[in-house]
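Peer 1: Quick one, fold the following:
(one chain, ligands or ions: 1)
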Amino acid sequence: MNFALLKLHPRMIVFTLSIIVLALLLCSTIGVTKPWQQVDWWDVLGEGGTVLLTILWQFFLLLSRPPGRVTTLLTVGLCCFMFSGLLDFLDEFFRYPEEAWLPLIENIPAPFGMILISKGLYLWYQEMQVLNAQLRRREANVREHQNVDWVTRLYRADYMHEQLRLQLEQGGRCCVAVVDIDQFDAFNRRFGHPEGDRLLREVAELILMNARLTDLVCRYAGDRFILLMPQLTFTQASLQVQQIASAVKHLAFKSGDMAVFHTLTTAVVEAAEDESCEALLRRLNTQLAQQKVTNQELHGATVCHARG
Ligand SMILES: Nc1nc2c(ncn2[C@@H]2O[C@H](COP(=O)(O)OP(=O)(O)OP(=O)(O)O)[C@@H](O)[C@H]2O)c(=O)[nH]1
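Peer 2: Now for the predicted structure:
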């Protein structure tokens with residue numbers, strides 16, 4: 001379990017603990033403890049379980065969300081709900097005088113909390129709509145996070161194979177492109193693996209930025225990415241890939257006090273009728289290999305250059 005996000009919520013954690021302490025203080029100062037014989041242990045179990053589960057929800061909420069409006073609304077809402085639950089639970093152990101106001105207000109925070117939780121959930125739904133739109137280029141139609149590459153947070157080649165196979169089965173126009181960072185090995189050796197990872201992430205982001213929402217971008221291998229572009233003609237797909245190459249070429253990747261520039265070798269193919277996934281990828285890889293040879297002949301071996 002990753003507890004890093006918990007550190008981002010000191011105010012929410014203090015607020016939750018304060019609510020628990022407040023409930024304990026109110027009950028213990030206004031009420032007097034009941035003898036054990038008068039405690040209804042079934043109620044203790046039911047009401048205590050509800051409080052414990054609310055605290056557990058709260059914990060997972062803070063563990064899984066960054067700070068923001070949704071998190072605040074849900075936390076405050078859950079705290080109100082928990083406050084009512086705690087008062088209900090604690091009155092199993094405390095008896096209040098006739099004129100005490102505490103039992104009268106016991107149920108008020110819960111519905112108020114429900115309203116806040118509902119508003120928070122609605123905003124969460126809207127947030128998910130935005131995030132899903134952002135994710136679409138990364139994941140096509142299925143969410144299988146065990147297939148995600150941890151460096152770039154893109155899906156791996158296996159996922160692309162599945163999606164490409166599906167696309168080819170459905171028929172219809174579709175282009176596939178592969179982009180490969182030139183001289184990545186040299187960059188790795190000069191600047192180190194962690195910088196190489198950072199470059200892979202930056203390039204992945206640039207590809208995503210230049211892809212359409214309906215495209216799928218995956219990490220294919222080491223420094224190689226693959227794009228599935230449904231409904232594009234070969235000319236349109238080639239233009240899109242050129243734009244990606246141009247975006248990467250103009251990226252001044254800062255490593256220490258140096259700006260390092262990179263080029264890509266790219267290949268694009270359009271799926272032929274009844275072509276298998278394997279045949280299409282073979283065609284794509286052959287074209288990429290040919291393109292690499294042409295680039296080397298044209299520009300020589302060194303294409304990555306740095307400016308101090
Ligand atoms: N930093 C980092 N490097 C990786 C990762 N996966 C593979 N590599 C490195 O990527 C490099 C790929 O080397 P090559 O296939 O020769 O690619 P290249 O140097 O760009 O050569 P050309 O494509 O011919 O220009 C190797 O040094 C691998 O160690 C990774 O996840 N992170």
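
Peer 1: can you tell me the average pLDDT over stretch 275-288?
Peer 2: Per-region confidence: stretch 275-288 scores 95 on mean pLDDT.

Peer 1: is any part of that stretch close to the ligand?
Peer 2: No. Stretch 275-288 is not in contact with the ligand by C-beta under 6 Å from any ligand atom; minimum separation 9.1 Å. Where C-beta positions appear, they are placed from N, C-alpha and C, glycine not excepted.

Peer 1: residues in contact with that stretch?
Peer 2: With contacts defined as C-beta atoms under 8 Å, 6 or more residues apart in numbering, stretch 275-288 is touched by 161, 164-165, 168, 176-178, 180, 265-269, 271-272.

Peer 1: could you redo the last one with a cut-off of 7 Å?
Peer 2: Outside stretch 275-288, the residues within contact range by C-beta atoms under 7 Å, 6 or more residues apart in numbering are 161, 164, 165, 168, 176, 178, 180, 265, 267, 269, 271.

Peer 1: How about stretch 160-177?
Peer 2: For stretch 160-177, using C-beta under 7 Å, 6+ apart, the contacting residues are 140, 216, 218, 220, 226-234, 237, 241, 266-271, 275, 277, 280, 284.

Peer 1: What is the top helix by length along the chain packed up against?
Peer 2: The longest helix of the chain (DSSP state H) is helix 109-139. Contact partners of helix 109-139 among helices and strands, from 3 or more C-beta pairs under 7 Å, 6 or more residues apart in numbering; DSSP states H and E: helix 69-90, strand 216-221.

Peer 1: List the buried residues in the helix or strand hosting residue 29.
Peer 2: Using DSSP states H and E, residue 29 falls within helix 10-30. Buried residues in helix 10-30, counted by 16 or more other C-beta atoms under 10 Å: 12, 13, 16, 19, 23, 26, 27.

Peer 1: ok, so what distance separates the closest residue in space to the fourth one that isn't next to it in sequence from residue 16?
Peer 2: Same thing as residue 19. Of all residues not flanking residue 19 in the chain, residue 79 sits nearest, at 4.7 Å (C-beta to C-beta, 6 or more residues apart in numbering). Applying C-beta to C-beta, to the nearest Å, the value for residue 79 to residue 16 is 6 Å.

Peer 1: Would you mind listing what in the stretch 201-308 of the chain touches the ligand?
Peer 2: Of all the residues in the stretch 201-308 of the chain, those lying near the ligand are 222, 223, 292, going by C-beta under 6 Å from any ligand atom.

Peer 1: what's the neighbour count on the last one?
Peer 2: The one in question is residue 292. Close neighbours of residue 292, defined as other C-beta atoms under 10 Å, add up to 14.

Peer 1: Over to it. Which of the three states is it?
Peer 2: Under DSSP: H, G, I helix; E, B strand; the rest coil, residue 292 falls in the helix class.

Peer 1: Is the residue located most distally from the centre of the chain in a helix, a strand, or coil?
Peer 2: What lies farthest from the middle of the chain is residue 98; by C-alpha atoms, centre = their mean that is 53.1 Å. Of the three states, residue 98 takes coil according to three-state DSSP.

Peer 1: Point me to the helix or strand that includes whichever residue of the stretch 101-250 of the chain sits closest to the ligand.
Peer 2: Residue nearest to the ligand within the stretch 101-250 of the chain: residue 196 (2.5 Å; C-beta to the nearest ligand atom). Using DSSP H and E, residue 196 sits within helix 193-210.
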